[in-house]
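# Below is the structure, and that's it, no one-letter string:
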């Protein structure tokens with residue numbers, strides 16, 4: 001293949017990607033945004049999940065649909081003056097469908113956090129999808145993953161073994177001290 005043919009192939013691929021961007025953006029406006037809203041509303045009602053689902057489109061073709069688990073008093077408070085306390089607010093987490101610049105949809109989970117208490121955990125990118133890849137089954141998977149992640153956050157326990165240790169780890173088995181205990 002000559003350099004010219006290679007460049008022509010790249011131009012064709014580039015034009016195809018640009019056409020896909022237009023089609024993906026159109027898909028959101030034509031049906032996908034409404035489909036995401038409807039599916040999330042249906043799922044939350046069917047499973048009895050209290051959530052707020054809203055769409056925001058402050059910039060054309062960069063819409064966001066959020067399934068928010070809301071905000072509550074965390075049960076903790078901060079003394080701000082003598083005898084005056086301010087409740088710390090807990091954000092319960094959310095699932096977001098973010099339309100990207102190229103019309104694809106990024107699905108993100110925002111973990112719960114308590115304001116003024118440590119740093120929020122970075123959001124988890126679930127995946128990036130073309131509009132035709134999103135369907136009822138995917139939405140169920142995403143809500144399932146959200147519930148799994150926020151439940152793990154709420155039930156944080158440092159007794160759970162961590163498998164991502166750093167540093168030297170001897171290849172020697174530790175003796176079982178419970179074997180002879182009677």
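Sure thing, it's come through. Keep in mind it's a predicted model, so treat the numbers as computed, not measured.
# For the residue positioned nearest the centre of the chain, which residues count as its bridge partners?
Closest residue to the average C-alpha location of the chain: residue 109 at 1.6 Å, with C-alpha atoms, centre = their mean. Residue 109 has these beta-bridge partners by DSSP bridges: residue 95, residue 124.
# State the distance from residue 50 to residue 116.
Computed as C-beta to C-beta, to the nearest Å, the residue 50 to residue 116 distance reads 25 Å. No exception for glycine: its C-beta is placed from N, CA and C like everyone else's.
# got a list of contacts for whichever helix or strand residue 18 is part of?
Of the helices and strands defined by DSSP states H and E, residue 18 is found in helix 3-27. For helix 3-27, the surrounding residues in contact (C-beta atoms under 8 Å, 6 or more residues apart in numbering) are 1, 61, 99, 101, 102, 103, 104, 130, 131, 132.
# Which helix or strand lies directly C-terminal to it?
For helix 3-27, the succeeding helix or strand toward the C-terminus, using DSSP H and E, is helix 33-47.
# Next, the angle from that following helix to helix 3-27.
50 degrees (axes from the mean of the first three to the mean of the last three C-alpha atoms, to 10 degrees).
# after helix 33-47, next one along is what?
With secondary structure assigned by DSSP H and E, helix 33-47 is succeeded by strand 52-56.
# circling back: just put the contacts of helix 3-27 in a markdown table and tack on secondary structure.
Shown next, in a markdown table, are the contacts of helix 3-27 (DSSP: H, G, I helix; E, B strand; the rest coil):
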| residue | secondary structure |
| --- | --- |
| 1 | coil |
| 61 | coil |
| 99 | strand |
| 101 | coil |
| 102 | coil |
| 103 | coil |
| 104 | coil |
| 130 | coil |
| 131 | helix |
| 132 | helix |
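# which of those has the most neighbours?
Ranked by neighbour count (other C-beta atoms under 10 Å), the contacts of helix 3-27 have residue 99 at the top, with 27 neighbours.
# who touches the nearest residue to it once chain neighbours are set aside in this structure?
Distances taken as C-beta to C-beta, 6 or more residues apart in numbering put residue 63 closest to residue 99, at 4.6 Å, once the chain neighbours are dropped. By C-beta under 8 Å, 6+ apart, the contact set of residue 63 is 28, 33, 55, 56, 57, 98, 99.
# sorry, back to before: which of residue 50 and residue 116 has more residues huddled nearby?
More crowded of residue 50 and residue 116, by other C-beta under 10 Å: residue 116, with 11 against 8.
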